[in-house]
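S.K.: coords below, sequence missing:
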């Protein structure tokens, strides 16, 4: 469905120039979609004025009118929930044309496709959506890989398996991930903690670049990733898909399968599962030893969705076991210096599927219940309860029998109840009010025999929001919102006395000590945070093919447990990480502007932003500490004032029926305005160009050649000088320098083979890093130790039934 | 009917939500078992005489305090039999790590790097494959003057190796250097 829409959207840009013969044999096909949410509109009547030709759009919004005569015609389109429009067009040959309707009662549509509409999350903020077809090409990858297709989205990687999305230069706790209406609570605070989401379960993924979608949370200073499931139509149907993908780099692949049964009366049930297995990845020159992964995911969803009311229940399970590059596990600062200067990883073994230490194992369970009821003439009430359990094990290389014992063993349990009411009876004015309560418990298992990096804690959150939108006229829409969040964190943590005193906590926080009798101090910090988020913006469409958005959002984020309590040696990274009890909420002021124009055969958009953050919390290397094992780089959390600015640009052009090209550019700059230095981990500027050739007559053949040029990040914090016990002198630790620019090519092609009974086989072949280029990326934490991935050939078979 | 079903589910959810009451149990204190706090090197003159002790002691482990060094003076032109003892003094009773290193001798090796008035360091022990471990060694001093002895314990080094840090590779479990006066 999404695929059809996409192809139609691509083709609708075509202008034709050939001279047509004077016979009435032309066909107009396309899709009727909602102008704002881009969702398909079924049931729209399309007729050619002054003829007896007419049709009605079907369940996925597509329509076809046969027997159209050449010359100037006018289409009249009406839909029960939209104002009627008349579209003049010139017919010279059969053409594809998408009809966009102004869907004033957007909510009506949302109810029909509840839980999955590719609707906008906000009106005025920057937003972009990935469709199912694009997501499927990332079936064996991670959600973070797929999101990089979007402008302004990059990722912070730890190797190929741990990919954290980064929006406009910000990641981790600043990026809120909403999985089917549930905010993910999966220890997103750690740099080497990837989101526990199966990319294969998503139907579409939208990214809001900023905190403007404050119905989901007030602290998304980076942005919000909204994962919607596939749409389930309200018809009697049984359908599914099975997808097999094989990849050369990692010598493995995955299997994905799903089945949906739906009924006209609103009942539905859907099951989905996937399994992935990869061995060691490879660079152009050597094997990245110990980089395999095994991943399993499954979900079951059922419920009844009707217009007036409905409910659904969903349970999903995600399990991943991933090996971390052996060469990235180091002993002390001298080992790090050796690795940085060495050029090649110290451990290169022959290829294996084995997952050895260091490795991670994570289980995530998610359960959700949602109910909604519509009150005639007033609005819609929704209530939702969700439960999440996240268990994380990290295994290090340890002495003796401890090798099978996790060094980190955390259990994070979260329960949330939320409700909202949306008044949408008035056509011009909508109001949404919501409340949320959340309880979270973190348990750090002492059986590890290693001091806890993150302590035991409980956390309460209470949030409330009010959002309004006002449609001034057909061209101008204004929105505004206000949100308040209270959160309280109650932790019990052991500090070594020397650390407690070195941090100066004995002067400021001595009253928090509840047990000082042991060799360590037991401390009970209870901190309250009051945060306010507010947004205001507008969307103005001067003409049908142009749109101007502007949004200002002020958002506050409370520090996460890692920023407050981190304390200790991170063995696998050979660094000592220190949080700070004094850290307070950070406040972001972000202004985004976007302007886009879409003409018949080309279009462009430009989206600049500025994000000024007061008390920005960051983690960066600050020095070294000495132990009997040698010196370790000390990474400290600190607060400063920061400013991020950037711009994303897009130009696309339909050169002919067959050829299309797309060009994207993204740039982010980050400054520590207090120190006047560059911020750490800001993505380098990048340029992506894509040429697409399609020949739908050849079984929907489409081929894409893509080039990605990533510039060198020239703005990095200063390197630090450390004393090397091995060399008996001060050495400049090249820890912040960025690798060189690189240029990668990719290729993708696909063909479709329809069979009887609405079944279809789609085959695709992709090659990433086509030229087997050797490179390292600034935002890959393993850049100190090894090159990035070499060529990867991906073959995929998808069967829809 | 529908409403009742829904309300009962809501009630269940509410009970679940509230049932997770705050547990006020204090967490269990963790004593790191793998930390090496203390390395003691006993150097006994081969010809007899008083033993000399070199010690590095870091009782807060990974904490902010740097290790405390104790360094005795060595006699010139003397052969010493050396022995290394590793302890974890954060545990009660104190744990001897030397035995663990000895048992996993093929996965460990001490590397000695010297300068100044130390003439040589030679291994006196072997692991199961006949490669040196370095828990026992002999040290020969040169003329009087100052010397530096850097002792590094590597985990999972390349074995056999030429006795240099770069050839041994692996991860560092201990790295400590001693400024010694040879008189």
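M.R.: That came through, no problem. Remember, it's a predicted structure, so these values are computed and weren't measured experimentally.
S.K.: what ranges does chain A have for its helices?
M.R.: A:2-11, A:106-112, A:132-137, A:143-147, A:333-342, A:497-502, A:505-508, A:561-565 (DSSP state H).
S.K.: which stretch in those helices has the least confidence?
M.R.: Mean pLDDT across these is lowest at helix A:106-112; the value there is a mean of 32.
S.K.: read off the pLDDT value for the residue lying closest to residue A:516 once chain neighbours are set aside.
M.R.: Excluding its sequence neighbours, the residue lying closest to residue A:516 (CB to CB, 6 or more residues apart in numbering or on different chains) is residue A:522, at 7.5 Å. C-beta: built from backbone N, CA, C; applies to glycine. Residue A:522 is assigned 94 on the pLDDT scale.
S.K.: hey, what's residue A:522 bridged with?
M.R.: Following DSSP bridges, residue A:522 is listed with bridge partners residue A:494, residue A:515.
S.K.: how many neighbouring residues does it have?
M.R.: 19 (other CB atoms under 10 Å in any protein chain shown).
S.K.: could you verify my assumption that it touches residue A:492?
M.R.: Yes. Between residue A:522 and residue A:492 there is a contact at 6.6 Å, judged by CB atoms under 8 Å.
S.K.: who touches both of the two?
M.R.: The contact sets of residue A:522 and residue A:492 overlap at A:514, B:26, B:27 (CB atoms under 8 Å, 6 or more residues apart in numbering or on different chains).
S.K.: put the buried members of these into a ChimeraX selection.
M.R.: Of these, the buried ones can be selected in ChimeraX as follows, counting by 16 or more other CB atoms under 10 Å in any protein chain shown:
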select /B:27
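S.K.: need the shared contacts of residue A:522 and residue A:492 in JSON lines (columns: pLDDT and distance to residue B:171).
M.R.: Listed next are those as JSON lines, based on pLDDT from 0 to 100; distance: CB to CB, whole Å:
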{"residue": "A:514", "pLDDT": "92", "distance to residue B:171": "37"}
{"residue": "B:26", "pLDDT": "82", "distance to residue B:171": "34"}
{"residue": "B:27", "pLDDT": "88", "distance to residue B:171": "29"}
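S.K.: so, if you compare the shared contacts of residue A:522 and residue A:492, which one comes nearest to residue A:664?
M.R.: residue B:27 (48.9 Å; CB to CB).
S.K.: the closest residue to that closest one other than its chain neighbours - how many residues pack around it?
M.R.: Excluding its sequence neighbours, the residue lying closest to residue B:27 (CB to CB, 6+ apart) is residue A:456, at 4.7 Å. Each residue near residue A:456 was counted by other CB under 10 Å, and the total is 24.
S.K.: try residue A:668
M.R.: 26.
S.K.: so what's residue A:35 scoring on pLDDT?
M.R.: Residue A:35 is given a pLDDT of 64.
S.K.: that older thread, please name the bridge partners of the residue nearest to residue B:27.
M.R.: residue A:492.
S.K.: what bits of chain A have low per-residue confidence?
M.R.: Across chain A, the ranges flagged by pLDDT under 70 are A:1-23, A:35-38, A:83, A:102-121, A:399-402, A:571-573.
S.K.: could you list the domains of it?
M.R.: A:2-103, A:225-800 (automatic domain parsing).
S.K.: contact partners for residue 166?
M.R.: All of this is about chain A. A:153, A:154, A:155, A:156, A:175, A:222, A:681, A:683, A:779.
S.K.: please go with chain B instead
M.R.: Per CB under 8 Å, 6+ apart, neighbours of residue B:166: residue A:338.
S.K.: for the helix or strand harbouring it, buried residues please.
M.R.: Using DSSP states H and E, residue B:166 maps to helix B:165-168. Residues of helix B:165-168 classed as buried: B:165, B:168 (neighbour count, 16+ other CB under 10 Å).
S.K.: closest residue of the stretch 501-650 of chain A to chain B?
M.R.: Relative to chain B, the nearest point of the stretch 501-650 of chain A is residue A:630 (3.4 Å; CB to the nearest CB).
S.K.: so what's the residue count around the residue nearest to residue A:579 when sequence neighbours are not counted?
M.R.: Among residues not flanking residue A:579 along the chain, residue A:566 sits closest, at 3.9 Å (CB to CB, 6+ apart). Residues lying near residue A:566 (other CB under 10 Å) number 23.
S.K.: and residue A:568, by the same measure?
M.R.: 21.
S.K.: could you do residue A:443 as well?
M.R.: So residue A:443, with other CB under 10 Å, has 17 neighbours.
S.K.: same question, residue A:354
M.R.: Around residue A:354 there are 13 residues (other CB under 10 Å).
S.K.: the one 5 residues further on now?
M.R.: Neighbour count of residue A:359, defined by other CB under 10 Å: 23.
S.K.: swap in residue A:755?
M.R.: Neighbour tally, residue A:755, other CB under 10 Å: 11.
S.K.: for it, give me its contacts.
M.R.: Counting by CB under 8 Å, 6+ apart, residue A:755 has contacts residue A:761.
S.K.: got the phi and psi for it?
M.R.: phi -120, psi -180 (degrees, to the nearest 10).
S.K.: against residue A:800, how distant is it?
M.R.: 10 Å (CB to CB, to the nearest Å).
S.K.: and for the two, which residues touch both?
M.R.: Joint contacts of residue A:755 and residue A:800 (CB under 8 Å, 6+ apart) are residue A:761.
S.K.: buried stuff in whichever strand or helix holds residue B:81?
M.R.: When secondary structure is defined by DSSP H and E, residue B:81 falls within strand B:79-88. Using 16+ other CB under 10 Å as the test for burial, strand B:79-88 gives B:80, B:82, B:83, B:84, B:86, B:87, B:88.
S.K.: the last one and residue B:36 touch, don't they?
M.R.: It stands for residue B:88. Yes. Between residue B:88 and residue B:36 a contact is recorded at 6.2 Å, counting by CB under 8 Å.
S.K.: surely residue A:575 meets residue A:568?
M.R.: No. Using CB under 8 Å, residue A:575 makes no contact with residue A:568, being 10.0 Å away.
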